[in-house]
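Trainee: okay, predicted coordinates and the sequence, questions at the end:
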Amino acid sequence: MDQHKKNILFVEYCPDLKGGGAQRVFLDLMKSINKEKYNIFAAFPSINNSQLAAEIPKDAIRFHYDSKSPQKNKNKIMSYLIFIIFIPINTIIGTFRIKRYDIEVVYVHSIISGFHFSIAKYFVNFKLIYHEHNLVSQRPAMHLWRSMFDFVNYQSDMVIANSHATALSLKEYGSEESKIAVVHNGILIEDFDDKLSESRGMARLGFKKDTTPIIVGMVGHFRPWKGQHYFAESMKNAKKYNNDIHYVVVGGFHDQQYYQDVCEYIELEGISDNVTITGHQENVSELMACMDIVVVPSVPEPFGLVVLEAMMMKKPVIAFNVGGPSEIIQHGETGILVSEIKSEALGDEIGMLSNDLPMRERMGLKGRELLSSDFTCRAQAKNIESVLETLFIQ
């Protein structure tokens, strides 16, 4: 460990990469931050066969961290009791490590880990950065969670918002405006073989290239705000423009009832033959490579990492003109922003773009250019480093 560098501890409470974009941002930040300036420490659940652990940078100093976050699929009372019992234990362990390794900044991505290290600030001196990935309205409505959120915001030296929409929601819920910095997410840009990725994706979806319809896809766990219902309902209008369209929905069944409701709608409308639901998938880029159009129907959407992933694959994106997508997509250039939050309006735009191959190709190329200039992991890391430098001179 280089004594001339600043020591930063990144903390993550989730052991896998199925939870959403926050875990991916956690990993990519550690990989992209300037190693000539910072020594990287990582605290996370080090369980066997963890996807997260496998991608932690090898030069990071690792700590085991088990937040005892309440689990939905377990006894609720017991789960919360265990979480409460372990609060002082996790706080003591965190305080010890900060002192032992002279940690100057702790970077957290969740309220739970933020809560542990907010308490630790009473016992040891360090800077706390809380990175908010969701609109505050998407957080649990329980009094306990709201109290924890308020405490973490009060104790944090800086709050990173992944979009201006997220920053606005933080301010509306009482976060101190002077503490909030907007830093858009970025992704690691990968070189890929377009034809090979598309071929593999087609095989996984069961399509033959010579007889393939226009594939319109979305990626996201089944949750009401992710908008699978808008997506399914949009097919009625889309087919008015192009009857040769097939919808693909990629994502795990986070909300079982919502998933059942969407499936029931698809069945009742008689469009089952035109819709493929894959469930959770690894290597989503192969599936995205087959899509002619990527749709992000989330309402509200705090950022939309899938927009960047589509841009990397040179795909045009259609999204509602709200939240993060409205800050990423250049309307008419890299995709389409739909002003009306209605499935009919979404379907109209899908249908029209499905008939315009030159426009789709042009948007895909411009999207890739925009991604390369503004939304890389290194661009995000540089903005985070600017925030860090501000903290160090306070």
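Mentor: Yep, it's here. Residues are numbered from 1 along each chain as shown.

Trainee: excluding sequence neighbours, find me the nearest residue to the residue most central in space within the chain.
Mentor: With distances taken as CA atoms, centre = their mean, the residue of the chain nearest its centroid is Gly21 (2.2 Å). Of all residues not flanking Gly21 in the chain, Leu305 sits nearest, at 3.9 Å (CB to CB, 6 or more residues apart in numbering). No exception for glycine: its C-beta is placed from N, CA and C like everyone else's.

Trainee: before we move on, back to that, ok, now which ones touch the residue nearest to the centre of the chain?
Mentor: His133, Asn185, Phe303, Leu305 (CB atoms under 8 Å, 6 or more residues apart in numbering).

Trainee: ok, 10 Å please
Mentor: 28, 133-134, 162, 185, 187, 302-306, 308-309 (CB atoms under 10 Å, 6 or more residues apart in numbering).

Trainee: Ala42 and Phe63 touch, don't they?
Mentor: Yes. Applying CB atoms under 10 Å, one finds Ala42 in contact with Phe63, separated by 7.0 Å.

Trainee: low pLDDT regions in the stretch 201-350 of the chain?
Mentor: In the predicted model, the stretch 201-350 of the chain carries pLDDT under 70 at residues 209-211.

Trainee: mind listing the helices for it?
Mentor: 228-241, 256-268, 284-290, 305-312, 323-328, 343-354 (DSSP state H, counting those that start in this stretch).

Trainee: any idea which of those helices is most buried?
Mentor: Compared across the helices of the stretch 201-350 of the chain, helix 305-312 shows the largest average neighbour count, a mean of 26 (mean count of other CB atoms under 10 Å).

Trainee: so what does that helix touch, helix or strand wise?
Mentor: helix 21-32, strand 214-219, helix 284-290, strand 293-296, strand 317-320, helix 323-328, strand 335-338, helix 357-374 (3 or more CB pairs under 10 Å, 6 or more residues apart in numbering; DSSP states H and E).

Trainee: now that helix, how far from the centre of its chain.
Mentor: Helix 305-312 sits 11 Å away from the centroid of its parent chain (CA atoms, centre = their mean, to the nearest Å).

Trainee: before we move on, the earlier item: what touches both of Ala42 and Phe63?
Mentor: Leu9, Val11.

Trainee: more neighbours: which of those two?
Mentor: Ala42 (23 against 16; other CB atoms under 10 Å).

Trainee: need the contact list for that one.
Mentor: Contacts of Ala42 (CB under 10 Å, 6+ apart): 8-12, 26-27, 30, 52-53, 56-57, 60-63, 65, 107.

Trainee: please apply the same query to Ser298.
Mentor: 218, 220, 223-228, 230-231, 304, 306-307, 319-320, 322-325 are the contacts of Ser298 under CB under 10 Å, 6+ apart.

Trainee: do you know how far it is from Phe231?
Mentor: Relative to Phe231, Ser298 is positioned 10 Å away (CB to CB, to the nearest Å).

Trainee: joint contacts of those two?
Mentor: Met218, Gly220.

Trainee: which residues touch Ser147?
Mentor: Ser147 touches Phe115, counting by CB under 10 Å, 6+ apart.

Trainee: where's it relative to Ile293, distance?
Mentor: 43 Å.

Trainee: what comes up buried for the helix or strand containing Ala381?
Mentor: Using DSSP states H and E, Ala381 sits in helix 377-392. By 16 or more other CB atoms under 10 Å, the buried positions in helix 377-392 come out as Cys377, Ala379, Gln380, Ala381, Asn383, Ile384, Val387, Leu388.

Trainee: before we move on, the earlier item: surely the residue nearest to Gly21 and Ser163 touch.
Mentor: No. Judged on CB under 10 Å, Leu305 makes no contact with Ser163 at a distance of 11.1 Å.

Trainee: shaky segments in the stretch 51-200 of the chain?
Mentor: 72-74.

Trainee: what about the helices in it?
Mentor: Under DSSP H, counting those that start in this stretch, the stretch 51-200 of the chain gives helices at 51-55, 76-100, 111-120, 143-155, 164-172, 194-205.

Trainee: would you mind finding the most buried of those helices?
Mentor: Most buried among the helices of the stretch 51-200 of the chain, counting by mean count of other CB under 10 Å: helix 111-120, with a mean of 24.

Trainee: so which elements touch it?
Mentor: Partner elements for helix 111-120 (3+ CB pairs under 10 Å, 6+ apart): strand 6-11, strand 38-44, helix 76-100, strand 105-108, strand 127-132, helix 143-155.

Trainee: okay, those in JSON lines with distance to His254 next?
Mentor: Shown next, in JSON lines, are the helices and strands packed on helix 111-120 (distance: least, CB to CB, whole Å):
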{"stretch": "strand 6-11", "distance to His254": "23"}
{"stretch": "strand 38-44", "distance to His254": "21"}
{"stretch": "helix 76-100", "distance to His254": "18"}
{"stretch": "strand 105-108", "distance to His254": "23"}
{"stretch": "strand 127-132", "distance to His254": "20"}
{"stretch": "helix 143-155", "distance to His254": "18"}
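
Trainee: any idea which of the ones you listed gets closest to Gly335?
Mentor: When the helices and strands packed on helix 111-120 are compared for distance to Gly335 using CB to CB, the nearest one is strand 127-132, at 24.9 Å.

Trainee: just the angle for that closest one relative to helix 143-155, thanks.
Mentor: Using axes from the mean of the first three to the mean of the last three CA atoms, to 10 degrees, the inter-axis angle of strand 127-132 relative to helix 143-155 is 130 degrees.

Trainee: quick one: strands adjacent to strand 127-132?
Mentor: Paired neighbours of strand 127-132 in the sheet (DSSP bridges): strand 105-108 (parallel), strand 158-161 (parallel).

Trainee: and the last one, how far out from the chain's middle?
Mentor: What that stands for is strand 158-161. 16 Å.

Trainee: kindly report the same for the first one.
Mentor: Once both centres are worked out by CA atoms, centre = their mean, strand 105-108 turns out to sit 19 Å from its chain's centre.

Trainee: CA atoms only for that strand, dumped as PDB, please.
Mentor: C-alpha atoms of strand 105-108 as PDB (Å, rounded to 0.1, in the frame of the first residue of the first chain):
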ATOM      1  CA  VAL A 105     -13.100   8.400   2.600                       C
ATOM      2  CA  VAL A 106     -15.800   5.800   2.900                       C
ATOM      3  CA  TYR A 107     -18.000   5.500  -0.300                       C
ATOM      4  CA  VAL A 108     -21.400   3.900   0.200                       C
END
